[in-house]
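[1] could you work out the structure for the sequence below:
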Amino acid sequence: MEINNIQIRSGGEYPQIINAGNDPKIVTILKELISSRQGELAGVMQYIYQSTIARQVNNDIADILEEISIVEMQHIELLMNAIVEFGGMPTYNNGKGQPFNSSYVNYSTKLKDMLDVNILGEQQAIKDYINAQKFISNQSLKNLINRIIEDEQLHLNAFKTLKSTVGFLSI
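    Numbering: from 1, shown residues only. Predicted coordinates for the structure are as follows:
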């Protein structure tokens, strides 16, 4: 696959939450998906940082990192709205109430290292989403999570493709 053909967002719409009620357990799970070490917020911050660094070497790779960060921002918005639907306050605290910490961002300056970290991060995010579903009974939220997983799988594939490109370009 060529770098110009990388897909970063699945074609389907994001499902809406229905039949939500106050559920502190779900709120805790959603906060963890947003603000944990491997959560969406860490991904956004990391990909924006990486886009800035990568722009010095390759604009195409920088653009893809930036576009992926935008999709991750959409995930945050969707999950924040779900927190509200389930009776929670959409703060940037993980499931244990700890605030997001910028130390979760990997500040590597080498593209290969960035992509290695991103591959591991996307793999973990997918596992975290799959695991979260085990504790959720609301079908509409499960549908939303499945849709987000589709995006995360595309991001994982994008990073693998970029890694092979970076190896080929020796950057």
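[2] and the helix or strand hosting Gly121, C-alpha only, in PDB?
    According to DSSP states H and E, Gly121 maps onto helix 111-133. In PDB, the C-alpha atoms belonging to helix 111-133 read as follows (Å, rounded to 0.1, in the frame of the first residue of the first chain):
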ATOM      1  CA  LEU A 111      10.400   8.400  13.100                       C
ATOM      2  CA  LYS A 112      11.000   4.600  13.300                       C
ATOM      3  CA  ASP A 113      10.900   4.800  17.100                       C
ATOM      4  CA  MET A 114       7.700   6.900  17.000                       C
ATOM      5  CA  LEU A 115       6.000   4.400  14.800                       C
ATOM      6  CA  ASP A 116       7.100   1.500  16.900                       C
ATOM      7  CA  VAL A 117       5.600   3.200  20.000                       C
ATOM      8  CA  ASN A 118       2.400   4.000  18.000                       C
ATOM      9  CA  ILE A 119       2.000   0.400  16.900                       C
ATOM     10  CA  LEU A 120       2.200  -0.800  20.500                       C
ATOM     11  CA  GLY A 121      -0.100   2.000  21.600                       C
ATOM     12  CA  GLU A 122      -2.800   1.200  19.000                       C
ATOM     13  CA  GLN A 123      -2.600  -2.500  19.800                       C
ATOM     14  CA  GLN A 124      -3.100  -1.800  23.500                       C
ATOM     15  CA  ALA A 125      -5.900   0.600  22.800                       C
ATOM     16  CA  ILE A 126      -7.700  -2.100  20.800                       C
ATOM     17  CA  LYS A 127      -7.200  -4.500  23.600                       C
ATOM     18  CA  ASP A 128      -8.500  -1.900  26.100                       C
ATOM     19  CA  TYR A 129     -11.700  -1.300  24.000                       C
ATOM     20  CA  ILE A 130     -12.300  -5.000  23.700                       C
ATOM     21  CA  ASN A 131     -11.800  -5.500  27.400                       C
ATOM     22  CA  ALA A 132     -14.100  -2.600  28.300                       C
ATOM     23  CA  GLN A 133     -16.900  -4.200  26.300                       C
END
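[3] residues of that helix that come out buried?
    If you call a residue buried by 16 or more other C-beta atoms under 10 Å, then helix 111-133 has these buried ones: 111, 114-119, 121-122, 125-126, 128-129, 132. Where C-beta positions appear, they are placed from N, C-alpha and C, glycine not excepted.
[4] from those, pick the one nearest Gln7.
    Using C-beta to C-beta, Glu122 comes nearest to Gln7 of the buried residues of helix 111-133, at 14.0 Å.
[5] tell me the pLDDT at the closest one?
    Looking at Glu122, its pLDDT stands at 97.
[6] so where's this protein uncertain?
    Across the chain, the ranges flagged by pLDDT under 70 are 1-2, 167-171.
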